[in-house]
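Asks: From the sequence below, what's the structure:
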Amino acid sequence: MTDATPRVFQTSGAVWLRDFEFGLTGLTVRKTGARVPYSPSVLTQVAAWFQYFFASKTLEPLRPAFTIAFTPERARPWYLIRTVARAAGAKLEKDPSRADVVMHFEDATYSPNDPPLRLKPGAKLINYRARDVSKSNVARACAAAFGHPLSVDPRTHIGPAVEKSEINAAHDGHIVQCPMQPVPGRVYQRVVDNRGADPSLVEDLRTCTVGGKPIVVFIKRRPVTKRFQNTNTEVVLRMPEEVFTAAEIAQIGAFTREIGLDWGGVDVLRDRADGTLYIVDANKTDMGPPITLNLPDKLVATRMLAKAFREFALGQA
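Replies: Numbering: from 1, shown residues only. Presented below is the predicted three-dimensional model:
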């Protein structure tokens, strides 16, 4: 901890109390109702996040400063955009009509919010077209950008398929056998064999994008048996050019334009058999960098994202 620690808690402590209900054996996220037990693994992850949170305060903000407002919700300290915006030189502004940048922020699958009526002349609007990040819309945008389908019709498809919720960040996918009758509120997609060099591990290519451009890639590895979970055995940082071809980078950009994502992360899977790419998830309210990534690389990624975000937000790209 540093001398800044007490001030951090003084300014953000109320946020923790508003957003979480702390019980004897776990905490509850007030907005979603999700309950997180105080398990050793969870406590380890929380400690790793705080280590990154305080280390990121040592990053010198880029200059000159500009202002940013989040609507309809303020991005909390645990969202990646808060740390990136600060490193980019952004100062929080409560009144959107006075902000240089106004960012649409709502941690929800569907968020059909219009921009504020009153804006500062020349203000940059971010993510106001990203209103629907449901799994079916992600699959639609994936097919449009890459030219091959992700979705399957469970009534006519023969063989295994992935069944998952429409809702973003549910992590409830599992494999079913088709043909079958679809369950309301669920989507059905092809099973992508995204195992890497080690066939016992799957690889998610979590790609952070700004203004339609991939900036950094977090290669997240986990056992095949835990392919739909959000717990990683290993995470490594790579540059997009190390992971994707120029044509694939252009396709990822086309996907973000199709879904209206100015800022956010997309989960890209590469099929082991033929190298085909699929985007299976889009998140406009990232909570990265991944916990398992080492701290120095977390800070490197944050600085790179901050530079790209500043250039996009201020029209310097």
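Asks: residue contacts, the residue nearest the centre of the chain?
Replies: With distances taken as CA atoms, centre = their mean, residue 286 lies nearest the centre of the chain, 3.2 Å away. Residue 286 sits next to 79-81, 208, 264-265 when contact means CB atoms under 8 Å, 6 or more residues apart in numbering. Heads up, the C-betas are built off the backbone N, CA and C, glycines and all.
Asks: least confident pick among the residues you listed?
Replies: By pLDDT, residue 79 ranks lowest within these, coming in at 93.
Asks: distance of that residue from residue 94?
Replies: According to CB to CB, to the nearest Å, residue 79 and residue 94 sit 17 Å apart.
Asks: can you check residue 149 too?
Replies: Taken as CB to CB, the span from residue 149 to residue 94 is 44 Å.
Asks: Mind checking which of those two has more residues around it?
Replies: residue 149 (14 against 11; other CB atoms under 10 Å).
Asks: Wait, that one touches residue 143, no?
Replies: Yes - in this structure residue 149 lies within contact range of residue 143 using CB atoms under 8 Å: 4.9 Å.
Asks: State the helix or strand in which the residue lying closest to residue 272 once chain neighbours are set aside lies.
Replies: Closest residue in space to residue 272, ignoring its immediate chain neighbours: residue 193 at 4.4 Å, by CB to CB, 6 or more residues apart in numbering. Taking DSSP states H and E as the definition, one finds residue 193 inside no helix or strand.
Asks: so who does residue 193 touch?
Replies: Counting by CB under 8 Å, 6+ apart, residue 193 has contacts 271-273.
Asks: Please report how far it lies from residue 308.
Replies: Residue 193 sits 32 Å away from residue 308, going by CB to CB.
Asks: Look up which residues are beta-bridged to the residue lying closest to residue 128 once chain neighbours are set aside.
Replies: Spatial nearest neighbour of residue 128, chain neighbours left out: residue 104 (4.6 Å); criterion: CB to CB, 6+ apart. Here residue 104 sits in beta bridges with residue 71, as judged by DSSP bridges.
Asks: What distance do you get for residue 104 to residue 131?
Replies: 8 Å.
Asks: Common neighbours of those two, please.
Replies: By CB under 8 Å, 6+ apart, the residues touching both residue 104 and residue 131 are 111, 113.
Asks: Surely the residue nearest to residue 128 touches residue 133?
Replies: No - counting by CB under 8 Å, residue 104 does not reach residue 133; the two are 11.9 Å apart.
Asks: And the average pLDDT for stretch 255-262 is what?
Replies: Rounded mean pLDDT across stretch 255-262 is 98.
Asks: cool, stretch 162-169 as well?
Replies: 87.
Asks: Could you work out the end-to-end span of that stretch for me?
Replies: With CA to CA, to the nearest Å as the measure, stretch 162-169 spans 15 Å from end to end.
Asks: which outside residues touch it?
Replies: By CB under 8 Å, 6+ apart, the list of residues contacting stretch 162-169 reads 108-109, 133-136, 154, 170, 172-176, 183, 185-191, 228, 281-283.
Asks: Buried ones among these?
Replies: 108-109, 133-135, 154, 173, 176, 186-190, 281-283 (16 or more other CB atoms under 10 Å).
Asks: From those, which land in helices?
Replies: residue 135 (DSSP state H).
Asks: Among the buried ones among the contacts of stretch 162-169, find the lowest-pLDDT one for me.
Replies: Model confidence across the buried ones among the contacts of stretch 162-169 bottoms out at residue 173, which has 88.
Asks: Report the contact partners of it.
Replies: By CB under 8 Å, 6+ apart, the residues touching residue 173 are 162-164, 227-228.
Asks: same question, residue 253
Replies: Going by CB under 8 Å, 6+ apart, residue 253 touches 209, 212-214.
Asks: Taking those residues together, which two end up most distant?
Replies: Farthest-apart pair in the contacts of residue 253 is 212 and 214; separation 8.8 Å (CB to CB).
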